[in-house]
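[1] With the sequence up front, the predicted model follows.
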Amino acid sequence: MGHPDSCLSPHERDLWRGFLAWSEHVTASVARALTEQSGLSVPEFEILVRLWEAPGHSLGQQTLGDSLSWTASRLSHQLSRMDKRALLSRESAGSGRYMTIRLTPAGAEAARRALHVHAEAVRAFFLAPLGDTQRGTLAALLASATPTDGHTAQSARQ
């Protein structure tokens, strides 16, 4: 049996479960709108938007994977599926297995359409229910709680 302080208090448990319910509702609602209105899955959108924002609409495969925090295998499989749909192209970046991932014209058009859908869904499901004060409070909370080294030891102790 663990130390009594190792279990969440009822207040901590309710706060955690409330956060999970809220975040799952928001992310599922945004994902559903994105898929229904643009035909893209969230992983496809996340890749396309990173390429859209990148200089020359291209990124090294490792840089792309790092920005998504995905394993190399997951990224490779996702890129293969998107390459088959002509949303992106993979080109050798020189020696070894280094690849440059480039947005195709079809991928750029899909990204452009999806960015508008995504923005409207984020506004509707994430931002609209929050007042200005709540948005400011949430922004400050997220800024203070965002891990810079993979964990927030200070936050965990409080």
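    Yep, that arrived. Numbering: from 1, shown residues only.
[2] The residue nearest to the spatial centre of the chain in helix, strand or coil?
    Centroid check for the chain by Cα atoms, centre = their mean gives E46 as the closest residue, at 6.0 Å. For E46, the secondary structure call by DSSP: H, G, I helix; E, B strand; the rest coil comes out as helix.
[3] my read: it touches L68, true?
    Yes. At 6.0 Å, E46 and L68 qualify as touching, with contact defined as Cβ atoms under 8 Å. C-betas here are computed from N, CA, C, even on glycine.
[4] for this protein, what are the low-confidence residue spans?
    1-5, 96, 148-158 (pLDDT under 70).
[5] what's the longest helix in it?
    helix 10-38 (DSSP state H).
[6] Just list what that one packs against, helices and strands only.
    helix 42-53, helix 105-122 (3 or more Cβ pairs under 8 Å, 6 or more residues apart in numbering; DSSP states H and E).
[7] what element comes up after the shortest one heading to the C-terminus?
    Sequence-wise, the next helix or strand downstream of helix 42-53 (DSSP states H and E) is strand 58-60.
[8] With the longest one instead?
    Read in the C-terminal direction, the helix or strand following helix 105-122 is helix 132-145, with elements assigned using DSSP H and E.
[9] Alpha carbons of that following helix, as PDB, please.
    C-alpha atoms of helix 132-145 as PDB (Å, rounded to 0.1, in the frame of the first residue of the first chain):
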ATOM      1  CA  ASP A 132     -12.100  37.400 -21.900                       C
ATOM      2  CA  THR A 133     -11.100  37.000 -18.200                       C
ATOM      3  CA  GLN A 134     -11.100  33.200 -18.500                       C
ATOM      4  CA  ARG A 135      -9.100  33.400 -21.700                       C
ATOM      5  CA  GLY A 136      -6.500  35.500 -19.900                       C
ATOM      6  CA  THR A 137      -6.400  33.300 -16.900                       C
ATOM      7  CA  LEU A 138      -6.100  30.200 -19.100                       C
ATOM      8  CA  ALA A 139      -3.300  31.700 -21.100                       C
ATOM      9  CA  ALA A 140      -1.300  32.600 -18.000                       C
ATOM     10  CA  LEU A 141      -1.900  29.100 -16.600                       C
ATOM     11  CA  LEU A 142      -0.700  27.400 -19.700                       C
ATOM     12  CA  ALA A 143       2.300  29.700 -20.000                       C
ATOM     13  CA  SER A 144       3.300  28.800 -16.400                       C
ATOM     14  CA  ALA A 145       2.600  25.100 -16.700                       C
END
